[in-house]
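what follows is a predicted structure for the sequence shown.
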Amino acid sequence: MFTASYPATFLPEPEGRGYHARFPDLPEALTGGVDLADTINEATDCLAEALAGRISRRDPIPAPSALKRGQRLICVPLSLAPKLALYMTILEQGHSYTEVARRIGVSETVVRRMLNPRHATKPEKLQRALTALGRRIVVTFEDAA
């Protein structure tokens, strides 16, 4: 099971004005904000952009590392999570986009659009594709930390 959350380290800026955040699993993901709340919001956007970039470039997606003391978990935005799940499944199973298209009865162009982080795709469509590949998305609710 994959939980779509990544640990981030939040550190105060040396001058005492704001914070910066980094994701140990995604070295390209660095951001900052004027205060901790702002930096957490910026970290969510930063995480989404880093993962969207990896999907667009067809790069591997690292598994989230264990949460360490002083870190916070940042959730992958709901708009990206199903696309991330489909992309990771395709990589893990070694399918081509053409093979996925054949399995779900669409063109390869449709599969590319489904994986495009900038293209709005209905979550149900992504779930059907995942089901065809033997996976499903399970939504859980937790208390906010």
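It's in. Numbering: from 1, shown residues only.

doesn't T9 fall inside a strand?
Yes. Per DSSP: H, G, I helix; E, B strand; the rest coil, T9 lies within a strand segment.

residues contacting L80?
With contacts taken as CB atoms under 8 Å, 6 or more residues apart in numbering, L80 has the following neighbours: A48, L51, A52, P117. Where you see a C-beta, it was placed from the backbone N, CA and C, and this is true even at glycine.

what count of nearby residues applies to the third one?
In other words, A52. Here the neighbour count serves as a burial measure; for A52 (other CB atoms under 10 Å) it reads 17.

equivalent analysis for the second one, please.
Close neighbours of L51, defined as other CB under 10 Å, add up to 27.

measure it to P123 for me?
The spacing between L51 and P123, counted by CB to CB, to the nearest Å, is 16 Å.

and for V139?
Counting by CB to CB, the gap between V139 and P123 amounts to 10 Å.

more crowded one of those two?
Here V139 and P123 are compared on neighbour count by other CB under 10 Å; more neighbours surround P123, at 14 against 7.

spit out the contact partners of the closest residue to the more buried one other than its chain neighbours.
Nearest non-adjacent residue to P123, counting by CB to CB, 6 or more residues apart in numbering: P82, 5.0 Å away. Listed by CB under 8 Å, 6+ apart, the contact set of P82 reads T121, P123, L126, Q127, L130, I137.

for these, pick the one with the most neighbours.
Highest neighbour count within those: L126, with 20 neighbours (other CB under 10 Å).
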